[in-house]
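Kindly generate the corresponding structure for this input.
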Amino acid sequence: MKQYTPRDYSIHGLGQKVGAWLAEHTDQPEKGPIYAYGAEVALGAVVKIIVAGTLAVILGILPIIALLIIATGVLRVVVGGAHCTAYYRCLIYSLISFFGLGLLLKHYLPYLTSLSSGVLILPLLACLIINLRWAPCPPENRPLRNEAEGKSKKRLAILICLVLSVVLLLAGTSHWWVWVVLLGMLSEAVTITPWGIWFVNGCDRLLAGNIKRKEAELHG
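This is a model prediction of the structure:
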């Protein structure tokens, strides 16, 4: 009988099993890696939503976290951005960054909503310039197929930034959701800059080192 290890029940391991099962039952073995990647992304998203939703309810910031994830995701799907090299490190980094930003925003919202709408112009312009300069920034395991795809994604990213900018400027700073969307746009834009990529990669290495150290202690 096969001995199963914790790795077999990880998101990656389960994704590989689902991908292999789909490839077998569709008689398309060559698409096994594609199915596995899609299953891993889907399973990871479900786990992240459950964990993030539970914590957000406990901390009383569910609307902020939900909208922050959506605002970030809308751009991330198009432009990509820096990410951790393992699912669990990605989950830890995402939770820390989202909840750190969410709690910070909740604390300062009374002040922010009293500002004039003019203060939105500079950060929105920064988002547009960053996407003009560095978008898209695809992950290593999903490179751009050709130059045309890169140009198409850049145009779409710029269009999303322009549309969101118009909506936020028309709505004004008195609405809490305006600041959440703006923060989501900024946090995603940072991850496609050289400095953002350096920071995320550094966090990835730091988390990887801590996890390996903990594993060594457990087996020591």
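
So what's the residue count around residue 172?
Taking other Cβ atoms under 10 Å as the neighbour definition, residue 172 ends up with a count of 13. Just so you know, the C-beta spots here come from the backbone N, C-alpha and C atoms, and that holds for glycine as well.

Show the pLDDT at the residue lying closest to residue 81 once chain neighbours are set aside.
What sits nearest to residue 81 in space, not counting adjacent residues and going by Cβ to Cβ, 6 or more residues apart in numbering, is residue 191, at 3.4 Å. Residue 191 is assigned a predicted lDDT (pLDDT) of 95.

Can you point out the buried residues in the longest helix seen in the chain?
Among the segments of the chain that qualify as a helix by DSSP state H, the longest is helix 32-59. By 16 or more other Cβ atoms under 10 Å, the buried positions in helix 32-59 come out as 32, 35, 36, 37, 39, 40, 43, 44, 48, 52, 55, 56.

Please enumerate the helices of this protein.
11-25, 32-59, 62-79, 87-112, 121-134, 147-171, 176-190, 194-219.

what's the domain layout of this protein?
1-59, 62-219 (automatic domain parsing).

Quick one: mean pLDDT over the shortest one.
The pLDDT scores in domain 1-59 average 76.

State the distance from residue 63 to residue 42.
Distance, residue 63 to residue 42, by Cβ to Cβ, to the nearest Å: 25 Å.

Was I right to think residue 97 contacts residue 187?
Yes - between residue 97 and residue 187 there is a contact under Cβ atoms under 8 Å: 7.0 Å.

Among the two, which residue is more densely surrounded?
Set side by side, residue 97 and residue 187 show unequal neighbour counts under other Cβ under 10 Å, the larger going to residue 187 at 19 against 16.

my read: that one touches residue 94, true?
No - with contacts counted by Cβ under 8 Å, residue 187 stays clear of residue 94, the gap being 10.6 Å.

between these two, what contacts are shared?
With contacts taken as Cβ atoms under 8 Å, 6 or more residues apart in numbering, not a single residue reaches both residue 187 and residue 94.
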